[in-house]
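*Asks:* Give the three-dimensional model of this entry:
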Amino acid sequence: MTGETPYKINPTHIAYTVRDFTKKDTGETDSSWLKIGVAWLHKDGHGFDVQLEAFPVNGRVVLRTNDDRVKELHKQLRRKSAD
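*Replies:* The predicted structure follows:
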């Protein structure tokens, strides 16, 4: 990972916009999720670089882990802290 920019590796998180709505036929509430970008966890684990393809009108962005990438990064961080 040394010397690589975040954009050359798989993102650690996926960015979504989430819109809550009520179903007309049942009255139940539900949510619609749309992928709008990605994010990379900083090497120190204290922040993110975020790249959005769109910005939601309601301003709500949800970041969810890209599970395979996060597991790999955690292993690397543990190895570094053990040194």
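
*Asks:* which SS class is Thr17?
*Replies:* With DSSP: H, G, I helix; E, B strand; the rest coil as the basis, the three-state label of Thr17 is strand.

*Asks:* ditto for Val50
*Replies:* Val50 - assigned by three-state DSSP - is strand.

*Asks:* any idea of the pLDDT on it?
*Replies:* Val50 carries a pLDDT value of 95.

*Asks:* repeat for Thr12
*Replies:* In this prediction, Thr12 carries a pLDDT score of 89.

*Asks:* is it true that it touches Trp40?
*Replies:* Yes: shown here, Thr12 and Trp40 form a contact pair, counting by C-beta atoms under 8 Å, at 5.5 Å. C-beta coordinates here come from the backbone N, C-alpha and C atoms, glycine included.

*Asks:* Overlap of the contact sets of those two?
*Replies:* Phe48 (C-beta atoms under 8 Å, 6 or more residues apart in numbering).

*Asks:* and the residue nearest the centre of the chain, what are its bridge partners?
*Replies:* Taking C-alpha atoms, centre = their mean as the criterion, His13 is the residue nearest the geometric centre of the chain, at 2.5 Å. When assigned by DSSP bridges, His13 has beta-bridge partners Ala39, Thr65.

*Asks:* which residues sit in contact with it?
*Replies:* If you count contacts by C-beta under 8 Å, 6+ apart, His13 has them with Val38, Ala39, Trp40, Leu41, Phe48, Leu63, Arg64, Thr65, Asn66, Val70.

*Asks:* pLDDT weak spots in this protein?
*Replies:* Along the chain, segments meeting pLDDT under 70 span 1-8, 69-70, 73-74, 80-81, 83.

*Asks:* residue ranges of the helices in the chain, please?
*Replies:* Here the chain has its helices, by DSSP state H, at 67-82.
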